[in-house]
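Dropping a prediction and its sequence here:
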2 protein chains.
Amino acid sequence: MSSHAARTGSGPGQGESRQDAILDAAERVFAADGYQGAAMRAIAEAAGVAQGLIHYHFKTKEKLFEAMVVRRSGQINERRAALVADLFAHGDPPRLEQIVEALFRPTIETGLDLARDGGAFARILVSFANSADPRDQRLIEIHYDPIAQTFIEALMRIEPGLSRADAVWAYMFAIGVGMTMMAKTGRPKRLSGGVCDDGDAEAMLSRIVPFICGGVRALVEE
Amino acid sequence: MSSHAARTGSGPGQGESRQDAILDAAERVFAADGYQGAAMRAIAEAAGVAQGLIHYHFKTKEKLFEAMVVRRSGQINERRAALVADLFAHGDPPRLEQIVEALFRPTIETGLDLARDGGAFARILVSFANSADPRDQRLIEIHYDPIAQTFIEALMRIEPGLSRADAVWAYMFAIGVGMTMMAKTGRPKRLSGGVCDDGDAEAMLSRIVPFICGGVRALVEE
DNA sequence: AAATCCTGACTGGGCGATCAGTCAGGATTC
DNA sequence: GAATCCTGACTGATCGCCCAGTCAGGATTT
């Protein structure tokens, strides 16, 4: 019964390959248990494959993690870049609010519309974006610094009063605020007696966007 | 050479006890390797004690971690509460900027003036404050939610236009921005070509405070 | 001498990684 | 067209290592 099928053609796969199943499982287990806490055995079980197969395809735990990051960050950052490019493609310059929205929407939508992981990748992103570990920072540098520069330049373009240093800080702070949304700790609900829900991405965005824009404009005025 | 001395008095220790040495070492190792990645052996070695002694004093790894959190969060949050109380003790209401500064200064000063750990606890705080793990959230709830409520109420007092929900979000976002400072990833330096330094807490605070205040005021105006 | 502090050897278990071997099916040979 | 060869996907048992935690007993304090 456990057919070897899935990848029907001979060329580049179509349909859900076993490799994709492993990456999906890795996303869930890494999100739930952290990098160190995630066991290759647990990932194999979640993917419904033998543990050996993960090593066959990805060689090591570290490379599996990187492959997982590459897949999702590629999807998300291509979408982000496209949104920003669109905003500047037309005659009139975009509003700051639109830039900030372009920064976050792809992340939450990629986390949500796949649905099978419930924002698992976002949680992984939170923990390793904040890591000082050189291994994690290398991944950030390769896969996230380029899109960061795109946004930093976008900020400078529409807010000419912003120095490059200010724009870098503004970007970092914006990401920090976004972490609040992606971490999904449940703390806002606790602190507010149930009113605030960090599971409702849309409601959060409607607060995050004005908050960040207000912060950026305050830096401009300094 | 390796005297067993250290604790000179008889009662509750004065001077650096072995327990404190273990907690200091735990702070450094947990910060460097994460909770799962930190080995009791490594902590024992860093503290210069036998591994068995850690279990003698703290019983389990989890309880050691909690003891470490309790010690520092106690120091930091008492200072934070005192600062906020001071701000409201006098006739005229404080400025929003002063509240935000009271929120962060104790954390960076407790992280820095002990100097022996170079902000190790701040980094631990970042990783477990963002954790969705119930074990971590329980610690946050017990040791950080009360002071959070204090700040949320302070925000509402000086910005009457802020609803409770807005104040909770504002607090969460502020903490998110503060994470940027505490994580010390080195990313700002990379993104800015060396101009921005997340190791310079004073320089960061001078940007963080206006950014957050601008964000809060933007929420008020909505 | 009682109590507390402390050590270092030890244990069982879980870890990442390895590897010999199975299997399906495409290519090659006759 | 059938026997052979070959390859890439996959399994499950296994390895050596390191982990948190234990414990018997030595050292030190009171």
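Done, it's in.

Quick one: low-confidence residue ranges for chain A.
Confidence mapping of chain A against pLDDT under 70 gives the ranges A:1-15, A:111-117.

quick check, the lengthiest helix in chain A touching DNA strand C?
Looking across chain A with DSSP state H, the single longest helix is helix A:61-89. Yes: Helix A:61-89 comes into contact with DNA strand C (C-beta under 7 Å from any atom of the strand), by way of A:61-62. Where you see a C-beta, it was placed from the backbone N, CA and C, and this is true even at glycine.

Check which element follows that helix along the chain.
Proceeding N to C from helix A:61-89, the next assigned helix or strand is helix A:96-113, under DSSP states H and E.

Quick check: residue A:87 vs chain B, distance?
According to C-beta to the nearest C-beta, to the nearest Å, residue A:87 and chain B sit 20 Å apart.

quick one, what contacts that residue?
Going by C-beta atoms under 8 Å, 6 or more residues apart in numbering or on different chains, residue A:87 touches A:94, A:98-99, A:102, A:154.

Quick check, the residue in chain A closest to DNA strand D?
Nearest residue of chain A to DNA strand D (C-beta to the nearest atom of the strand) works out as residue A:52 at 2.3 Å.

Next, count neighbours for that residue.
Residues near residue A:52, counting by other C-beta atoms under 10 Å in any protein chain shown, number 10.

Could you confirm whether the strand or helix carrying it reaches DNA strand C?
Per DSSP H and E: residue A:52 is located in helix A:51-58. Yes: Helix A:51-58 lies within reach of DNA strand C by C-beta under 7 Å from any atom of the strand, at A:51-52, A:55-56.

right, is stretch A:211-219 up against chain B?
Yes: under the criterion of C-beta under 8 Å from any C-beta of the partner chain, chain B is reached by stretch A:211-219 at A:211-219.

which one of these sits closest to residue B:163?
residue A:211 (13.9 Å; C-beta to C-beta).

Can you tell me the closest non-neighbouring residue to that closest one?
If the residues on either side of it in the chain are set aside, residue A:211 comes closest to residue B:215, at 3.9 Å by C-beta to C-beta, 6 or more residues apart in numbering or on different chains.

so who does the one you found touch?
So residue B:215 contacts A:177, A:210-212, A:214-215, A:218, B:170, B:173-174 (C-beta under 8 Å, 6+ apart).

Need the CA coordinates for the host helix or strand of it. CSV is fine.
Secondary structure from DSSP H and E places residue B:215 in helix B:201-221. Provided in CSV are the C-alpha atoms of helix B:201-221 (Å, rounded to 0.1, in the frame of the first residue of the first chain):
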residue,chain,number,x,y,z
ALA,B,201,21.9,50.0,24.0
GLU,B,202,22.0,53.8,24.7
ALA,B,203,21.9,54.6,21.0
MET,B,204,19.2,52.1,20.4
LEU,B,205,17.0,53.4,23.2
SER,B,206,17.2,56.9,21.7
ARG,B,207,15.5,55.5,18.6
ILE,B,208,13.3,53.0,20.2
VAL,B,209,11.6,55.4,22.6
PRO,B,210,10.4,57.9,19.9
PHE,B,211,9.5,55.0,17.6
ILE,B,212,7.2,53.4,20.2
CYS,B,213,5.8,56.7,21.3
GLY,B,214,4.9,57.6,17.7
GLY,B,215,3.3,54.2,17.4
VAL,B,216,1.2,54.5,20.5
ARG,B,217,0.1,58.0,19.5
ALA,B,218,-0.9,56.7,16.2
LEU,B,219,-3.1,54.1,17.9
VAL,B,220,-4.7,56.9,20.0
GLU,B,221,-5.6,58.9,16.9
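
and it with helix A:201-221, angle?
For helix B:201-221 against helix A:201-221, the angle by axes from the mean of the first three to the mean of the last three C-alpha atoms, to 10 degrees is 120 degrees.

buried ones in helix B:201-221?
Residues of helix B:201-221 classed as buried under the neighbour-count rule (16 or more other C-beta atoms under 10 Å in any protein chain shown) are B:201, B:204-205, B:207-220.

Give me the domain ranges for chain A.
A:12-59, A:61-219 (automatic domain parsing).

Can you get me the start-to-end distance on the longest one?
Yep, that's domain A:61-219 we're talking about. In domain A:61-219, first residue to last residue: 42 Å (C-alpha to C-alpha, to the nearest Å).

One more: stretch A:109-119?
Distance across stretch A:109-119, first residue to last, is 9 Å (C-alpha to C-alpha).

quick one on the thing from earlier: of all the contacts of residue B:215, which comes closest to residue B:196?
Nearest to residue B:196 out of the contacts of residue B:215 is residue A:215 (C-beta to C-beta; 15.8 Å).

mind listing what the closest residue to residue A:139 other than its chain neighbours touches?
Of all residues not flanking residue A:139 in the chain, residue A:69 sits nearest, at 5.6 Å (C-beta to C-beta, 6+ apart). Neighbour list for residue A:69: A:124, A:128, A:139, A:143 [criterion: C-beta under 8 Å, 6+ apart].

For the residue nearest to the last one when sequence neighbours are not counted, the count of nearby residues, please.
Meaning residue A:143. Nearest non-adjacent residue to residue A:143, counting by C-beta to C-beta, 6+ apart: residue A:73, 4.4 Å away. Residue A:73 is flanked by 21 other residues according to other C-beta under 10 Å.

Equivalent analysis for residue A:82, please.
12.

how far out from the middle of the chain is the longest helix of chain A?
Distance of helix A:61-89 from its chain centroid, counting by C-alpha atoms, centre = their mean, to the nearest Å, is 8 Å.

go on, stretch A:191-206?
On C-alpha atoms, centre = their mean, the centre of stretch A:191-206 falls 19 Å from that of its chain.

Stretch A:33-50 now?
21 Å.

Not counting that stretch itself, show me its contacts.
A:2, A:18, A:21-22, A:24-26, A:28-30, A:32, A:51, A:53-55, A:61, A:64-65, A:127-128, B:33-37.

anything in it near DNA strand D?
Yes: against DNA strand D, stretch A:33-50 shows contacts by C-beta under 7 Å from any atom of the strand at A:49-50.

Dump that stretch to PDB, restricted to CA.
C-alpha atoms of stretch A:33-50 as PDB (Å, rounded to 0.1, in the frame of the first residue of the first chain):
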ATOM      1  CA  ASP A  33       9.800  21.600  19.600                       C
ATOM      2  CA  GLY A  34      12.500  24.000  18.400                       C
ATOM      3  CA  TYR A  35      15.600  23.000  16.400                       C
ATOM      4  CA  GLN A  36      17.300  21.200  19.200                       C
ATOM      5  CA  GLY A  37      14.200  19.700  20.600                       C
ATOM      6  CA  ALA A  38      13.000  18.300  17.300                       C
ATOM      7  CA  ALA A  39      14.000  14.700  16.800                       C
ATOM      8  CA  MET A  40      14.600  13.300  13.300                       C
ATOM      9  CA  ARG A  41      12.600  10.300  14.500                       C
ATOM     10  CA  ALA A  42       9.600  12.600  15.300                       C
ATOM     11  CA  ILE A  43       9.900  14.200  11.900                       C
ATOM     12  CA  ALA A  44      10.100  10.900  10.100                       C
ATOM     13  CA  GLU A  45       7.000   9.700  12.000                       C
ATOM     14  CA  ALA A  46       5.100  12.900  11.200                       C
ATOM     15  CA  ALA A  47       6.000  12.500   7.600                       C
ATOM     16  CA  GLY A  48       5.100   8.800   7.500                       C
ATOM     17  CA  VAL A  49       8.500   7.700   6.300                       C
ATOM     18  CA  ALA A  50      11.500   5.800   7.600                       C
END
